[in-house]
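**Q** how does the following fold in three dimensions:
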Amino acid sequence: MAPASIEILPYQPEYAESVIALVLSIQQREFGIPILLEEQPDLLNIPRFYQRGTGNFWVAISGDEVVGTVGLLDIGNGSAALRKMFVKASFRSVKICLGKRLLETLIRWCGANGIKEIYLGTTELFLSGHRFYERNGFREISLSQLPSNFPVMPVDTKFYSLDLGKGGV
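**A** Predicted coordinates for the structure are as follows:
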């Protein structure tokens, strides 16, 4: 059972190894996605990749353990890409609502930083993720509807957008 106290904090370098371990564990072990750390250079330098412009990266901490992550990549023109949203399986319950809390943190940041549209790419395998995004106002879009500067990952096959002028979370 997860402790009730979970803090969501901006990323600091002290969390680097724990973030990598969480993300790779969920991608590779839980979902069997054959993606390596070397194919995700953003994880090797989170401050340079995410914490610039209107972007940021947050970690959810329970005790001294990283149990969730979410990144926001500034892609220009008032748009951003939601990336690396991962929650440890034992923290995904409706009681904890950690995914929703991470998304709310990101959306509040967007509002304070002039971001009008959020885009994301995901894999067909993350079915619960699809339902989560749709429940929170994201609409499915095609690859051709993404901004030209959206960084499509090789494993991305499904895409969403959230117009912050139309609500969401």
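**Q** OK, contacts around residue 42?
**A** Applying C-beta atoms under 8 Å, 6 or more residues apart in numbering to residue 42 gives the contacts 49-50, 71, 73, 83-84. For glycine as for every other residue, the C-beta is placed from the backbone atoms N, C-alpha and C.
**Q** out of those, who's nearest residue 33?
**A** In terms of C-beta to C-beta, no member of the contacts of residue 42 lies closer to residue 33 than residue 84, at 13.2 Å.
**Q** you'd agree that closest one is up against residue 68?
**A** No - at 10.0 Å, residue 84 and residue 68 do not qualify as touching, with contact defined as C-beta atoms under 8 Å.
**Q** mind checking pLDDT for residue 1?
**A** For residue 1, the pLDDT comes out at 43.
**Q** same thing with residue 113?
**A** 97.
**Q** leaving out the residues flanking it, which one is nearest to it?
**A** residue 54 (4.2 Å; C-beta to C-beta, 6 or more residues apart in numbering).
**Q** ok, residue 36 to residue 84 distance?
**A** 15 Å (C-beta to C-beta, to the nearest Å).
**Q** neighbour count for the two, which is higher?
**A** Between residue 36 and residue 84, counting by other C-beta atoms under 10 Å, residue 84 is the more crowded of the two (22 against 9).
**Q** in the sheet, who's paired with the closest residue to the more buried one other than its chain neighbours?
**A** Spatial nearest neighbour of residue 84, excluding adjacent residues (C-beta to C-beta, 6+ apart): residue 71 at 4.2 Å. Beta-bridge pairing for residue 71 (DSSP bridges): residue 57, residue 83.
**Q** residue 71 contacts residue 46, doesn't it?
**A** Yes - between residue 71 and residue 46 there is a contact under C-beta under 8 Å: 7.3 Å.
**Q** neighbour count: these two, which is higher?
**A** When residue 71 and residue 46 are compared for neighbours, residue 71 comes out ahead with 26 against 23, by other C-beta under 10 Å.
**Q** what's the helix or strand for the residue nearest the centre of the chain?
**A** Nearest to the mean C-alpha position of the chain, by C-alpha atoms, centre = their mean, lies residue 85 at 2.6 Å. Assigned by DSSP states H and E, residue 85 belongs to strand 79-87.
**Q** elements contacting that strand?
**A** Helices and strands touching strand 79-87, by 3 or more C-beta pairs under 8 Å, 6 or more residues apart in numbering; DSSP states H and E, are helix 16-24, helix 41-44, strand 65-76, helix 98-112, strand 117-122.
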